[in-house]
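Colleague: need coordinates for the following:
(one chain, ligands or ions: 1)
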Amino acid sequence: DKAGHKHFMAKEIAEQPTVIGNALANYLTADGHIALPDPGVDFTAIDRLTLVACGTAYYACLTAKYWFEQIARIPVEVDVASEFRYREPPIPDRTLALFVSQSGETADTLAALRYCEGKAARILSVVNVPESSIARESDLALPIHAGIEVGVASTKAFTCQLTVLLMLALKAASDRGTLSEEALADHVSALRSLPALMTTALEQNKAMQNTARRLSEARDVLFLGRGLMYPLALEGALKLKEISYIHAEAYASGELKHGPIALIDKHVPVVVMAPRDTLFDKTVSNMQEVMARKGKVVLISDAAGLEEANEGVWASICMPTVHNAVAPILYALPAQLLAYHTAVAKGTDVDQPRNLAKSVTVE
Ligand code: M6R
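Modeller: Numbers count the residues shown, from 1 in each chain. All right, here's what the predicted structure looks like:
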């Protein structure tokens, strides 16, 4: 049932304020602490984290690396499951291995999990299907509470994965004493503000549709971001190529002049994800290098960011102002909607793109 939407993907994008609210309600206590299902995790017994997944779930892991390292001061390694499983990496003592999968049935992710059995101190998973193989074979499975996701392009599962991973990083920080009570409360209130901010962001639908119409003419699209916006740029590029079949690549903004800038000319739209945070000025200077080469910049920022840097851009999308740590969860929405409307403008099969399966149970 598409609940009045043209596609499951549109429905699932629109559901995000609600499902994020559900995910938060399942992990946050009334007094603002994070409660994990039994038997929980004691992060003082953990020295490092290995995060493994495929596709969009892998980008959720890349985002989580920034959170765990910055907030909980735990060294993190992230890998795609198909590489991890055959590389046979050494797993040091006191490693927590964490697998992220919407379906819980992805063959490579499951194989990577089995490789860690008997080697990692604990095996955790973040899944949408609690009765899945990956959930059953973990010491502890954390459900994301996204509800069934039908569209092949993952949307609400991604933002719910991010939300659960951020809460897990906050739990790690509170176990390890790396965050003051005040900073913890600050992060929790930022999380609680997300459903309302997402609703506001979804009101920008028309602006995204207009920009997407112009994007649909492009042959190649680049996505740029720094810090927490870098994994999100990767996710935006994956979403776009997956459903619109437009070639899209993402780069960390700082990598631009190490090669990709050679691609820029007046035909190439460049989507820049840049909330007005501490890295903003650096990203803007990369953006200006793109404009100097006639690249068409689509700037996704907040009111303060757009006021400062909107001049000369090809299109802009205004997001509500948001706490830095939760920004990737909010900025996932314009990434999804740009891809969605571009695909609709191109007339592709949005919910069932060519050559793809919802769950990749063979390698
Ligand atoms: O079910 P999983 O989360 O393990 O699936 C992983 C990927 O196959 C999946 O995220 C894929 O990249 C999506 N189609 C992306 O939209």
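
Colleague: stretch 124-135: end-to-end distance?
Modeller: 8 Å (Cα to Cα, to the nearest Å).

Colleague: the residue in the chain positioned nearest to the ligand: neighbour count?
Modeller: Taking Cβ to the nearest ligand atom as the measure, the chain has residue 55 as its residue closest to the ligand, at 1.9 Å. C-beta: built from backbone N, CA, C; applies to glycine. The local packing of residue 55 (other Cβ atoms under 10 Å) involves 21 other residues.

Colleague: contacting residues around it?
Modeller: Under the criterion of Cβ atoms under 8 Å, 6 or more residues apart in numbering, the contact list for residue 55 reads 154, 238, 360.

Colleague: now do 10 Å
Modeller: With contacts defined as Cβ atoms under 10 Å, 6 or more residues apart in numbering, residue 55 is in contact with 80-81, 101-102, 106, 109, 153-154, 158, 235, 238, 242, 356, 360.

Colleague: do residue 341 as well
Modeller: Contacts for residue 341 were tallied using Cβ under 10 Å, 6+ apart; they are 10, 205-206, 208-213, 215-216, 244, 350.

Colleague: scan the contacts of residue 55 and report the most crowded one.
Modeller: Neighbour tally across the contacts of residue 55 (other Cβ under 10 Å): the maximum, 32 neighbours, falls on residue 101.

Colleague: which bits of the chain sit near the ligand?
Modeller: Taking Cβ under 6 Å from any ligand atom as the contact definition, the chain meets the ligand at 54-57, 101-103, 106, 109, 152-154, 242, 359-360.

Colleague: point out the least confident one among those residues.
Modeller: Here the lowest pLDDT out of the residues of the chain next to the ligand sits on residue 359, with 86.

Colleague: phi and psi next, for it.
Modeller: Summarising the backbone geometry of residue 359 under the convention degrees, to the nearest 10, its torsions are phi -130, psi 120.

Colleague: residue contacts, the closest residue to it other than its chain neighbours?
Modeller: Sequence neighbours aside, residue 103 is the residue nearest to residue 359 in space, at 4.1 Å (criterion: Cβ to Cβ, 6 or more residues apart in numbering). Contacts for residue 103 (Cβ under 10 Å, 6+ apart) come out as 57, 109, 127-129, 132-134, 149, 154, 157, 357-361.

Colleague: I'd like to know how many residues surround the residue lying closest to residue 190 once chain neighbours are set aside.
Modeller: Here the nearest residue to residue 190 in space, its sequence neighbours aside, is residue 323; by Cβ to Cβ, 6+ apart that works out to 3.4 Å. Residues lying near residue 323 (other Cβ under 10 Å) number 17.

Colleague: correct me, but residue 289 touches residue 264?
Modeller: Yes - with contact defined as Cβ atoms under 10 Å, residue 289 and residue 264 form a contacting pair (8.3 Å).
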